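Trainee: just need the structure, nothing else, for what follows:
(chains A and B)
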2 protein chains.
Amino acid sequence: MNKYTSDYLDTLTPYTSGEQPKDRSYIKLNTNESPYPPSDGVLTAIKEAADGDLRLYPDIKATKLKESVASYYSVNMDNVFAGNGSDEVLAYAFQAFFKKSRPIQLPDITYSFYPVYCRLFSIEYNIFPLTDTFEIDIDLIPDNNGGLIIANPNAPTGIYLDLDSIEKILQKNTESVVLIDEAYIDFGGQTCISLIDKYPNLLVVQTVSKSRALAGLRVGLAMGNSELIQAMEDVKNSFNAYPLDSLAIAGASAAFDDKENFEKNTQKIIETRERTAEKLKELSFFVVPSKTNFLMAQHKEYPAKDLYLKLKENGILIRYFDLPRINNFVRISIGTDEDMNMLTDTLETILNG
Amino acid sequence: MNKYTSDYLDTLTPYTSGEQPKDRSYIKLNTNESPYPPSDGVLTAIKEAADGDLRLYPDIKATKLKESVASYYSVNMDNVFAGNGSDEVLAYAFQAFFKKSRPIQLPDITYSFYPVYCRLFSIEYNIFPLTDTFEIDIDLIPDNNGGLIIANPNAPTGIYLDLDSIEKILQKNTESVVLIDEAYIDFGGQTCISLIDKYPNLLVVQTVSKSRALAGLRVGLAMGNSELIQAMEDVKNSFNAYPLDSLAIAGASAAFDDKENFEKNTQKIIETRERTAEKLKELSFFVVPSKTNFLMAQHKEYPAKDLYLKLKENGILIRYFDLPRINNFVRISIGTDEDMNMLTDTLETILNG
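Mentor: Just a heads-up that it's a prediction; the model follows:
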């Protein structure tokens, strides 16, 4: 960097988002967006909020959204934090809970934004390994840590930990915050929000970007004990008092109120995922069992990176991570049935070519 | 805080935003919002963006918005940074430029969020005094600093520094970033964006919350040398890759394209300000000369805090800051002519009662 920038800036390695190429139209299976649009009710709520009152600051407490979320999960409003996408919510949590004298613990394969926050905020972290099958072995999580972060289901593997396992982890980690990132929980997993009353150190992070089909709206949530939520509010109000605009508050609130559309679409995505997994197995892929809206898969012969490039050439974007242990896997978001048929047909052609 | 929070959390004193009481309807002259709604063109652009594509992540580069801003100010797109309100843009700038070995310099009266960022990011700062008439004396700005921040026009005083004075400051401060916060520049001031080519350490921050009547949309901007902008992007992408939702990008872009409505409304606000200032003087106020959409004023007898409380009782919200040097002033946002007539009529009753 140049002489004007902060001294630590050279140490940053910003997060790399899934590509958004504009050179042609692609079937986009690379950023785990929903293939189904938000409901008419959500779009109407947004349009109704697009009025002259946009001249005014938004509700600093995002009351309407917190009411919808609290009602949906049967918690109190002071158990709910709302921010600009789960990435921002995570950033606030890192600042609020993990600037401690002991390092936080991250699995070796997980959402790659976590270490980025650590570098941005000078937070020490330690990496513990997942098993050979990419699972969490509770005994491998170091004790006496400064915090623990688990994406459940995990990304980019898709592997899910059940509620009993989460509770065992909480019983073993009582002295620092255990953050469970549930970005993908709605595709067959069970949220651990029911445990927040019992474990004052549990913070559950969610997003409307995946199962609620509103990646374009930028809304993330955290649920936990009211003292944890207050700490998040203090960090937020020291950074940006109004990260949620009036339209996002209205739209995300409506999305939580609209259970029917949500359940129909998540169920459909789950069915498409299972069908696609079977088809990939027929095409000689090893497919990691997934409770998300994506599949991590490895072909028994064809290199993952080549597969990614070949599919891109054919107008289909998937995600390839050049990272240890998973650099021969690809991650494929679940699209519509039509998208996935196109994917598997194209794969068949590539593999037989 | 509790045992789970970061060690530094107790040192935070979050920014206090203007109150948003819901107990009754108020004439809101406390947060410098525009009294005029965004134009139909802006609202239409937002409504058109409220479609099924909200399932997709926003454009990570906010291209459409940067194009509009670049065209408006005749700069290149890589001279423009866009974030979630100017508060977030400022927070990124503090991280990108001011974590240095030498303290940054802030005037003793200025936007009260600046020291909040310093505490959040552990940035050392030094306070230099404004003159008795709340003006900047260039000779009082310490040399050899780690950065300099000037709100121009200043808040909450409203006092404006002309382009020549800004250039003199830049000539004296070449070794660290000079951040000019132009949140209120459009109400009679001249932006210093024309100087970014000449001074590679100049960062100009703006917002759509005031003159562009879109406080509810959360869009802020920074203009500067492309290397400074890239440093801001690196911090942003280490924090939250998508702080601007698709609706905000569409709406703010349309606001920059709509010069006519913008100029008409800012001109109207300027006229109302001047008329209100005269009226306040007639009511025995000392009124600080303002090039903003607010007036800072002190009555020759009536205590400022009592005035604030009395006006609130009468359904009018203004802002009172219990801070050294200005704790006998009130800050009054400029509303419609009708709002301001109501204000001055009510003041007349209070002062004569």
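Trainee: any idea how far residue B:39 is from residue A:73?
Mentor: 39 Å (Cβ to Cβ, to the nearest Å). No exception for glycine: its C-beta is placed from N, CA and C like everyone else's.
Trainee: the residue of the stretch 51-200 of chain A found nearest chain B: what's it in contact with?
Mentor: Chain B sits closest to residue A:52 of the stretch 51-200 of chain A, with a gap of 3.1 Å, by Cβ to the nearest Cβ. Counting by Cβ atoms under 8 Å, 6 or more residues apart in numbering or on different chains, residue A:52 makes contact with B:37, B:38, B:43.
Trainee: equivalent analysis for residue A:138, please.
Mentor: Per Cβ under 8 Å, 6+ apart, neighbours of residue A:138: A:165, A:168, A:169, A:172.
Trainee: can you rerun that using 10 Å?
Mentor: By Cβ atoms under 10 Å, 6 or more residues apart in numbering or on different chains, the contact set of residue A:138 is A:161, A:165, A:168, A:169, A:171, A:172, A:173.
Trainee: among the residues you listed, which are located in helices?
Mentor: Here DSSP state H is the test, and the contacts of residue A:138 give A:165, A:168, A:169, A:171, A:172 as lying in helices.
Trainee: by neighbours, which of those wins?
Mentor: residue A:169 (21 neighbours; other Cβ atoms under 10 Å in any protein chain shown).
Trainee: where do the strands sit along the stretch 201-350 of chain A?
Mentor: With DSSP state E, counting those that start in this stretch, the ranges of strands along the stretch 201-350 of chain A come out as A:202-207, A:220-224, A:285-287, A:294-299, A:316-317, A:319-320, A:330-333.
Trainee: check whether the last one comes into contact with chain B.
Mentor: No - counting by Cβ under 10 Å from any Cβ of the partner chain, no contacts exist between strand A:330-333 and chain B, the nearest distance being 11.4 Å.
Trainee: where does the prediction get shaky in chain A?
Mentor: For chain A, residues meeting the criterion pLDDT under 70 lie at A:1.
Trainee: the longest helix in it is where?
Mentor: From DSSP H, the single longest helix across chain A is helix A:259-282.
Trainee: got the angle between it and strand A:294-299?
Mentor: Orientation note: helix A:259-282 sits at an angle of 0 degrees relative to strand A:294-299 (axes from the mean of the first three to the mean of the last three Cα atoms, to 10 degrees).
Trainee: what distance separates helix A:259-282 from the centre of its chain?
Mentor: How far helix A:259-282 lies from its chain's middle: 18 Å, per Cα atoms, centre = their mean, to the nearest Å.
Trainee: from the contact counts, what lies against that helix?
Mentor: Counting contacts by 3 or more Cβ pairs under 10 Å, 6 or more residues apart in numbering or on different chains; DSSP states H and E, helix A:259-282 packs against helix A:40-49, helix A:246-257, strand A:285-287, strand A:294-299, strand A:330-333, helix A:337-352.
Trainee: what pairs with the shortest one, parallel or antiparallel?
Mentor: In the sheet, strand A:285-287 lines up against strand A:294-299 (antiparallel) (DSSP bridges).
Trainee: export the strand it pairs with as CSV, just CAs?
Mentor: In CSV, the C-alpha atoms belonging to strand A:294-299 read as follows (Å, rounded to 0.1, in the frame of the first residue of the first chain):
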residue,chain,number,x,y,z
PHE,A,294,-25.4,-26.7,-2.0
LEU,A,295,-23.4,-29.9,-2.6
MET,A,296,-19.7,-30.4,-2.1
ALA,A,297,-18.6,-33.2,-4.5
GLN,A,298,-15.5,-34.8,-5.9
HIS,A,299,-15.2,-36.7,-9.1
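Trainee: next, the angle helix A:337-352 makes with it.
Mentor: Using the same axes, to 10 degrees: strand A:294-299 against helix A:337-352 is 10 degrees.
Trainee: ok so, going back, next, give phi and psi for the residue of the stretch 51-200 of chain A closest to chain B.
Mentor: phi -60, psi -20 (degrees, to the nearest 10).
Trainee: that one and residue B:40, how far apart?
Mentor: As defined by Cβ to Cβ, residue A:52 lies at a distance of 10 Å from residue B:40.
Trainee: same thing with residue A:300?
Mentor: 59 Å.
Trainee: which one of those two is surrounded by more residues?
Mentor: residue B:40 (12 against 8).
Trainee: would you map out the domains in chain A?
Mentor: According to automatic domain parsing, chain A comprises the domains A:16-37+A:260-352, A:40-257.
Trainee: how far does the shortest one sit from its chain's centre?
Mentor: Same thing as domain A:16-37+A:260-352. Using Cα atoms, centre = their mean, the offset of domain A:16-37+A:260-352 from its chain centre is 17 Å.
Trainee: now do the end-to-end distance for that domain.
Mentor: Using Cα to Cα, to the nearest Å, the end-to-end distance of domain A:16-37+A:260-352 comes to 32 Å.
Trainee: which ones are touching the closest residue to chain B within the stretch 151-300 of chain A?
Mentor: Nearest residue of the stretch 151-300 of chain A to chain B: residue A:237, at 3.4 Å (Cβ to the nearest Cβ). By Cβ under 10 Å, 6+ apart, the contact set of residue A:237 is A:60, B:12, B:13, B:14, B:15, B:16, B:17, B:87, B:113, B:116, B:120.
Trainee: excluding chain neighbours, what is closest to the last one?
Mentor: In this case it means residue B:120. Of all residues not flanking residue B:120 in the chain, residue A:238 sits nearest, at 4.3 Å (Cβ to Cβ, 6 or more residues apart in numbering or on different chains).
Trainee: how many other residues sit next to that neighbour?
Mentor: 23.
Trainee: what do you get for residue A:333?
Mentor: Around residue A:333 there are 27 residues (other Cβ under 10 Å).
Trainee: I'd like the distance between it and chain B.
Mentor: As judged by Cβ to the nearest Cβ, to the nearest Å, residue A:333 and chain B stand 11 Å apart.
Trainee: now do residue A:335
Mentor: Counting by Cβ to the nearest Cβ - residue A:335 and chain B are separated by 11 Å.
Trainee: who's in contact with that residue?
Mentor: A:27-29, A:33-36, A:269, A:272, A:276, A:293, A:316, A:341-343.
Trainee: now list the buried members of those residues.
Mentor: By neighbour count, with 16 or more other Cβ atoms under 10 Å in any protein chain shown, the contacts of residue A:335 hold A:27-29, A:33-36, A:269, A:272, A:276, A:293, A:316, A:342-343 as buried.
Trainee: now do the SS call for residue A:91.
Mentor: helix (DSSP: H, G, I helix; E, B strand; the rest coil).
Trainee: I figured the residue nearest to residue B:120 hits residue B:13, correct?
Mentor: Yes - counting by Cβ atoms under 10 Å, residue B:13 is a contact partner of residue A:238 at 7.8 Å.
Trainee: overlap of the contact sets of these two?
Mentor: B:116, B:119, B:120.
Trainee: the second one: what's it in contact with?
Mentor: By Cβ under 10 Å, 6+ apart, the contact list for residue B:119 reads A:238, B:8, B:11, B:12, B:13, B:14, B:125.
Trainee: 8 Å instead?
Mentor: Contacts of residue B:119 by Cβ under 8 Å, 6+ apart are A:238, B:11, B:12, B:13.
Trainee: just send those back as TSV, with secondary structure and distance to residue B:157 too.
Mentor: Putting these into TSV (DSSP: H, G, I helix; E, B strand; the rest coil; distance: Cβ to Cβ, whole Å) gives the following:
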residue	secondary structure	distance to residue B:157
A:238	coil	24
B:11	helix	28
B:12	coil	26
B:13	coil	22
